[in-house]
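# Sequence first, then the predicted structure:
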Amino acid sequence: MKNLYWALLTILLIVPLGNLKASSESEPAYILQDGSVQNSHLPLPMERYEEVDGGLLDVLKARVEKSPFNLAATIIFFLAIIHTFAAGPLNKVAHKLEVEHAERLRIRGPKDDAHPDGEDEVSFGATVFHFLGEVEAIFGLWIIALAGAAAYFYSWTDFKVYINDDRSFTEPMFVAVIMAIAASRPVLRFAEFLMSKAAGLGKGSVGAWWLSVLIVAPILGSFITEPAAMTIAAMLLAKKFYRNRPSKRFAYATIGLLFVNISVGGTLTNFAAPPVLMVAGPWDWSTPFMLEHFGWKAVVGILIATSAYFAFFRKELAQLTANGLTGEDATGQRLSWQEREDDIPAWITFIHLLFLGWTVYTVHYPVLFVGGFLFFLAFRMSTRHHQNSVSLRSPILVGFFLAGLIVHGGLQGWWIDPVIRSLNDATLMIGSTVLTAFNDNAAITYLASQVDGLSISAKHAVVAGAVTGGGLTVIANAPNPAGQSILSRFFKGGVSPLFLLLGALIPTAIMYSCFVVLPNGPAKEGENHGQEHVEEAENLGDIPPAPAEAN
């Protein structure tokens, strides 16, 4: 098993470095207006579509006629989304097949000569259905169909070039590395120590830990990045909350609240949240600007949403505290080494935090942060008596999920771009929130950054909507798959997309209201925050109904 992990790690993290930003074998397919190049013929660049008179449907129809592959790629993408809703039933089928297989083995009896090490026969059918029901693997599976469509409408070479030259997989690699480091025992124990100070105000009850993790960790995400904050928060919730077996309703309310809080919690800075990072450079949004116009609203929203859920579930939290399993897991057995709270030397924790900081600092340079991760693994081995085992399954699956989303999402601009352009400022935030549920919020803001003539209020609306809707689905925000991967074992049949959506609706509505109602901070004169000579950013609540004029 260890050899398998190392092999998968090599495939995911080391091999892509050799092909990173590799030159294609042929000349670029398109030279874009901004001087950049697109090496593959797919997708057709936005600037190659003619202007169409008519409504949104007329524009979409014309773009499908111009490039029929558009429709095929989007149908495959939405089939993958539908597949995620079928993950639960598929896992139930897998469990049924496993039970039937075990019963057949029991009736047949042992065969000592069947395997030299005494390994039981594996049910191939159950394994296949388990794989089909693995949410993190679904988008990768549908890339097979996408590759076939691309080869049919264009060529296999075009698809290879699209994957190799026109897509960047730095983010999946970063998330995989940051998850593995953030989940290490020294980092987790340090985060637990910090949050224990807040939980101590409530005498360390389940409710106090619940509040501490769901408020402190998302805000911490603005400084250590959202994927790291999600990993830490999910690990602590698993240990301090979910192992006490909350009701199904409370379990989904908590994971929905976690996803929403993490999504908006990264807006205090301009580098921690992927959707903000996409526009910070093009629109010249600094960290002070983010704090004034988004960050403080996000903190208010986190406090209101978390307090509302706390008040609603306070009786259940009190019952969980009364039934708390101190030093034991949910089965009543002694905690494993993974969950024990033995002291760790301060110098080991400090070095782990340095590795975490190095990874965040070199986020755009995979050669550096992957190299740092290899040093981290060596350090962990030399101090393994103070460590947990390195679990690479979740980081690898989450990286695979994000890589699949990048491949599919890069082909959805043909319909997302005209949708964004068709909305006026009053409806743009709603549209951005809804679109985020069907595509990664970073993809939404990236496409918005390519649209010329957006007013400052429109820019506020699209970013606010993207971060607000980041908790509605697993695919809405890059860190969400990490949280689901860690917490899915507490949900029978895995996390249901429908119940996750329901659990996140109320926090999403609260965050939406905060971004609309609360006033923006004043834009400094002389600073360029996305348009020239801005004296004061418009209040999102005062956005006029008519489309804004181009700057």
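Yep, it's here.

# which regions of this protein sit below the pLDDT cut-off?
1-26, 109-120, 324-341, 450, 452, 521-551 (pLDDT under 70).

# which ones are touching Ile486?
Ala183, Thr231, Ala234, Met235, Ala238, Ser394 (C-beta atoms under 8 Å, 6 or more residues apart in numbering). From N, CA and C alone the C-beta is placed, and that goes for glycine too.

# These in helices, which ones?
Thr231, Ala234, Met235, Ala238, Ser394 (DSSP state H).

# list the contacts for the fourth one?
Ala238 makes contact with Ile486, Leu487, Phe490 under the criterion C-beta under 8 Å, 6+ apart.

# do the first one as well
Under the criterion of C-beta under 8 Å, 6+ apart, the contact list for Thr231 reads Ile178, Met179, Ala182, Ala183, Pro479, Ala482, Gly483, Ile486.

# The third one now?
Applying C-beta under 8 Å, 6+ apart to Met235 gives the contacts Ala183, Leu188, Ile486.

# quick one: which of those residues is nearest Ile76?
Checking the contacts of Met235 against Ile76 with C-beta to C-beta, the nearest one is Ile486 at 28.5 Å.

# before we move on, what SS does that closest one have?
Assigned with DSSP: H, G, I helix; E, B strand; the rest coil, Ile486 falls in the helix class.

# and it, how far is that from Leu268?
24 Å (C-beta to C-beta, to the nearest Å).

# ditto for Ala198
For Ala198, the distance to Leu268 - C-beta to C-beta - is 18 Å.

# So for the two, which sits in the more crowded spot?
Using other C-beta atoms under 10 Å, the more surrounded residue of Ala198 and Leu268 is Leu268, with 23 against 15.

# roughly how far apart are that one and Ile138?
In terms of C-beta to C-beta, Leu268 sits 32 Å off from Ile138.

# what do you get for Gly35?
37 Å.

# cool, and Gly410?
From Gly410 to Ile138 the distance is 17 Å (C-beta to C-beta).

# ok, now Ser394?
16 Å.

# Around Thr383, count how many other residues there are.
As a burial measure, Thr383 scores 16 neighbours (other C-beta under 10 Å).

# How about the contacts made by it?
Ile348.

# Tell me which stretches of the stretch 201-350 of the chain form helices.
206-224, 226-240, 248-265, 274-280, 287-290, 296-312, 314-322, 346-361 (DSSP state H, counting those that start in this stretch).

# Next, give phi and psi for the residue nearest to Ser391 when sequence neighbours are not counted.
Counting by C-beta to C-beta, 6 or more residues apart in numbering, Ala183 is the residue found nearest to Ser391 once chain neighbours are left out, at 6.7 Å. Ala183 adopts backbone torsions of phi -90, psi 0, taken as degrees, to the nearest 10.

# Please apply the same query to Pro519.
Dihedral angles for Pro519 - degrees, to the nearest 10 - are phi -70, psi 150.

# Likewise for Val37?
According to degrees, to the nearest 10, Val37 has phi -120, psi 150.

# Quick check: Ser488 touching Leu500?
No. Shown here, Ser488 and Leu500 do not form a contact pair, counting by C-beta atoms under 8 Å, at 10.8 Å.

# higher neighbour count, those two?
Leu500 (22 against 19).

# now that one: how far from Phe400?
20 Å.

# Then Thr84?
For Thr84, the distance to Phe400 - C-beta to C-beta - is 14 Å.

# pretty sure Phe379 is touching Phe355, no?
Yes. Counting by C-beta under 8 Å, Phe355 is a contact partner of Phe379 at 7.4 Å.

# Neighbour count for the two, which is higher?
Just comparing Phe379 and Phe355: by other C-beta under 10 Å the higher neighbour count belongs to Phe355, 23 against 17.

# Quick check: chain neighbours aside, which residue is closest to that one?
Excluding the flanking residues, the one nearest Phe355 by C-beta to C-beta, 6+ apart is Phe376, at 4.6 Å.

# And for that neighbour, the neighbour number?
23.

# Wait, a helix at it?
Yes. Remark: Phe376 belongs to a helix, assigned using three-state DSSP.

# Which neighbouring residues are in contact with it, exactly?
Ala180, Ile181, His352, Phe355.

# For the first one, which three-state class applies?
In the three-state summary, Ala180 is assigned as helix, counting by three-state DSSP.

# follow-up on the earlier one: Gly410 and Ile138 - which one has more neighbours?
Neighbours per residue (other C-beta under 10 Å) separate Gly410 from Ile138, with Ile138 holding more: 25 against 18.

# Spatially central residue for this structure, please.
The residue lying closest to the centre of the chain (C-alpha atoms, centre = their mean) is Ala478, at 2.0 Å.

# And that residue, how far from Trp285?
19 Å.

# so what's Ile304 up against?
With C-beta under 8 Å, 6+ apart, Ile304 has these contacts: Ile510, Cys514.

# what does Tyr154 give?
Tyr154 neighbours (C-beta under 8 Å, 6+ apart): Ser40, His41, Leu42, Phe69.

# CSV please, covering these and showing neighbour count and secondary structure.
Formatted as CSV, those follow (neighbours: other C-beta atoms under 10 Å; DSSP: H, G, I helix; E, B strand; the rest coil):
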residue, neighbour count, secondary structure
Ser40, 24, coil
His41, 20, coil
Leu42, 22, coil
Phe69, 22, helix
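
# Which of those residues sits closest to Ile163?
Once C-beta to C-beta is applied, the member of the contacts of Tyr154 that ends up nearest Ile163 is Ser40, at 8.5 Å.

# And for Ala403, the neighbour number?
Neighbours of Ala403 using other C-beta under 10 Å come to 23.

# Same question for Ser155.
14.

# distance of the closest residue to it other than its chain neighbours from Ala72?
Nearest residue to Ser155, sequence neighbours excluded (C-beta to C-beta, 6+ apart): His41, at 7.9 Å. In this view, His41 and Ala72 are 14 Å apart by C-beta to C-beta.

# again, but for Asn244
47 Å.

# okay, now Ile475: neighbour count?
By other C-beta under 10 Å, neighbour count at Ile475 equals 28.

# does it sit in a helix, a strand or a coil?
Put simply, Ile475 is helix when judged by three-state DSSP.
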